[in-house]
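> give the three-dimensional model of this entry:
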Amino acid sequence: MTASRRPPSDEPAAHGQVQPTLAGDRTHTVRLAAPGMLSLRRAAAPTGAGASATGLARRRPGIQQSYARSAACGVAAACAVAAWTALLDPPAPADSAPAYSRRGVVVSAHGLASTAGADLLRRGGNAVDAAIATGLALAVVHPAAGNLGGGGFMLIRLKGGRSTALDFREIAPRGAHPGMFLDPHGRYQRDLHHEGYRAVGVPGTVAGFDLARERYGTRSWRELCEPAERLAAEGFPLSRALARSFAARQTDWRRYPSSARVFLKPDGTTLEAGDVWRQPDLARTLRTLQRGGREAFYRGALARLLAADMRRHGGLITEADLADYQAKERAPIRGAFRGCEIVSMPPPSSGGIGLIEMLNILQGDSLRDLGHNSAAYLHLLAETMRRAYADRARHLGDPDSNPGLPVSLLLSPDRAARLRRSIRPDWLSVSDPAAFTDDYESPETTHYSVVDAAGNAVSVTYTLEAGYGSRIVADGLGFLYNNEMGDFNGEPGRTDRTGLIGTPPNLAAPGKRMLSSMTPTIVAKDGEPYLVLGSPGGRTIINTVLQVLLNVVEFDMDLGRAVARGRIHHQWLPNELVLERDATSTDTLRLLREKGHQLRFVPSQGSVMAILVEPGSGERNGVTDPREPDGAAAAE
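A predicted model of the protein is given here:
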């Protein structure tokens, strides 16, 4: 193994340049500060061909990842895995191991992003500051869902107990209309709905982060962007999981020259694990945000570049669309379960309503008596999910465009009791495709959770819609466009067995927000934050959050076990019960089939990032889902 010096930081680099060598002058290094904790520091890297392989493994340039896993039984025993090996191919434990702290904790889909947030806490920032820094860093290191070109939701619970919800969901541009996904003959075209520049919604992430910063944060755009800008400019070594993900989409990258320059090597070959991935255009965009903040993105130089790129390729977004975009602060959805207060996201997310409707239905049953993941328990969950997702398809959409959404009805305990009585314990219910169904929503999203030393809690879920969104990099800007227009209903008035839905609340229209399943959630107990969680997973998100919440609150599992346990999903139509392959036993599967369920198996469902605050001691336990290979918790 040899090393060579990389160019100085002020030397120009090719867009998406890879630096596969092992040397450098100054880099970021993630070091193991304590069991389960990560921190980001500046470090000197070895240079010259004489550097030993052993030394390079310990002090690899770029950014290194050290993982610490601690056993969740009795006295936690920390097990530190070798830093570079863990980065390339971190093991998936049977249970997720918490990172413990009495101060702040950040949990996300990538250790470098978690560390960026934890460093903000260490420098005196609050949970909102850390959430913004984490989200900006995820746009660099987790491009499948971390973003500047997408949107999402942020749920905040302040130390005094007040909660609020920030909606930065994308909106349809002015040129949108209900029939925009039909060909000239009036036939629905999936490619128009989900592919290309016309599938891009007006991005909301930068506006949402700015709204959070202005109202609840303490730090400037310059400080919040700094970790992400360094990561983009100096690069970081690709994990095996991220390199495989890039390679799997190489056909998509080659369709768009702007994407090929970022996600492929200059010779057109795929990136490999260990390659140092640099993103100079994205770094430049982040530096522009440092100087100009929200204004630069929606009215300044970045807006002009984005709108020009759209014009060149037949997209709909204009400078006027960007100037019009506004993130919104909304009242969260609230409920109660087993003495806990549940706070979650309101429409245009269906997550909060769906979660609390299902908890209301389940309130009247002794779930522990049924046995965790038994046939009786999973049947009850599936039938509860079926009813909530039927309501989602029929009733929910953008509240600003649908002022009559029946929120109170859907959250009514009396209605939940009636739905509970309609569930037969021995047989499944009917899902009628002639009535309504549910539309496509990609499973590729990302979630992260933050709790600071003062007790402020933030739960964020944001997305590009599909994995890597449209797979189109904004030319010269370095970030991926979303394809969120695909979350609108595809064809007015048409609902069929394929999953196409045409009900009015979620048809495309100028300025309208598309329906979502994102479910950032905060649970409070005895007036204090208790559990902060959320997940990616498209339509499965609500059910994933439900099951982890039940594992903690109903079944008293420690957080690592609660997150790792097997999951199921039912969404009304198609009429099938989806299970993770190892979710339950063969006997349980047989009993579910005897109740009429058609079973389908998937490798995994969701990726929960959660923090539990221990009542009494206030200790924060941060857990990453073992389903997320690059995920990590970082402690202040």
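> mean confidence for the longest helix seen in the chain?
In the chain, assigned by DSSP state H, the helix with the most residues is helix 375-395. Across helix 375-395, pLDDT averages out at 95.
> name the helices or strands packed onto it?
Packing partners of helix 375-395 (3 or more CB pairs under 8 Å, 6 or more residues apart in numbering; DSSP states H and E): helix 351-362, helix 367-370, helix 541-553, strand 568-569, strand 577-580, helix 586-594. The C-beta positions use only the backbone N, C-alpha and C, and glycine is treated the same way.
> just the strands in the stretch 251-400 of the chain please.
Assigned by DSSP state E, counting those that start in this stretch, the stretch 251-400 of the chain shows strands spanning 276-277, 328-330, 333-337, 340-344.
> export these to a markdown table and append columns for distance to residue 175.
Shown next, in a markdown table, are the strands of the stretch 251-400 of the chain (distance: least, CB to CB, whole Å):
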| stretch | distance to residue 175 |
| --- | --- |
| strand 276-277 | 35 |
| strand 328-330 | 22 |
| strand 333-337 | 32 |
| strand 340-344 | 33 |
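> follow-up on the earlier one: can you tell me which of the helices and strands packed on helix 375-395 is nearest to residue 118?
For residue 118, the closest of the helices and strands packed on helix 375-395 is helix 541-553, at 22.5 Å, according to CB to CB.
> next helix or strand past the closest one?
helix 559-564 (DSSP states H and E).
> quick check: buried residues in that next one?
In terms of neighbour count (16 or more other CB atoms under 10 Å), helix 559-564 has its buried residues at 559-564.
> what is the neighbour count of the nearest residue to residue 365 once chain neighbours are set aside?
Counting by CB to CB, 6 or more residues apart in numbering, residue 365 lies nearest to residue 380, which is 6.5 Å off, once chain neighbours are set aside. Close neighbours of residue 380, defined as other CB atoms under 10 Å, add up to 19.
> residue 380 against residue 358, yeah?
No. Between residue 380 and residue 358 no contact is recorded; they are 10.4 Å apart, counting by CB atoms under 8 Å.
> sketch out the low-pLDDT regions of the stretch 351-500 of the chain for me.
The model of the stretch 351-500 of the chain has pLDDT under 70 over residues 432-442, 493-500.
> so residue 471, which state does it fall into?
coil (DSSP: H, G, I helix; E, B strand; the rest coil).
> start at 18 instead
Right, with 18 as the first residue, what we last looked at is residue 488.
> so it makes contact with residue 277?
No. With contact defined as CB under 8 Å, residue 488 does not reach residue 277; the gap is 10.5 Å.
> distance to residue 150 and pLDDT added to the buried residues of helix 576-581, as CSV?
Formatted as CSV, these follow (distance: CB to CB, whole Å; pLDDT from 0 to 100):
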residue, distance to residue 150, pLDDT
576, 24, 96
577, 26, 95
578, 30, 96
579, 27, 97
580, 24, 97
581, 28, 96
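> on that earlier part again, format the strands of the stretch 268-417 of the chain as JSON lines; extra columns: distance to residue 530 and mean pLDDT.
As requested, these are arranged in JSON lines below (distance: least, CB to CB, whole Å; pLDDT from 0 to 100):
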{"stretch": "strand 293-294", "distance to residue 530": "33", "mean pLDDT": "98"}
{"stretch": "strand 345-347", "distance to residue 530": "9", "mean pLDDT": "98"}
{"stretch": "strand 350-354", "distance to residue 530": "16", "mean pLDDT": "98"}
{"stretch": "strand 357-361", "distance to residue 530": "17", "mean pLDDT": "98"}
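> including mean neighbour count and distance to residue 123, could those strands go into TSV?
Formatted as TSV, these follow (neighbours: other CB atoms under 10 Å; distance: least, CB to CB, whole Å):
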stretch	mean neighbour count	distance to residue 123
strand 293-294	24	22
strand 345-347	16	23
strand 350-354	19	25
strand 357-361	23	20
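> of all the ones you listed, which one comes closest to residue 234?
Residue 234 sits nearest to strand 345-347 of all the strands of the stretch 268-417 of the chain, at 13.6 Å, using CB to CB.
> what's next to that closest one, contact-wise?
For strand 345-347, the external contacting residues (CB atoms under 8 Å, 6 or more residues apart in numbering) are 181-185, 228, 232, 363, 416.
> swap in 6 Å and give it another go.
Residues from elsewhere that reach strand 345-347, judged by CB atoms under 6 Å, 6 or more residues apart in numbering: 181-184, 363.
> what subset of those is buried?
Using 16+ other CB under 10 Å as the burial test, these include 181-184, 363 as buried.
> continuing past the longest helix of the chain, what's the next helix or strand?
Counting by DSSP H and E, the element after helix 392-412 in chain order, helix or strand, is helix 424-427.
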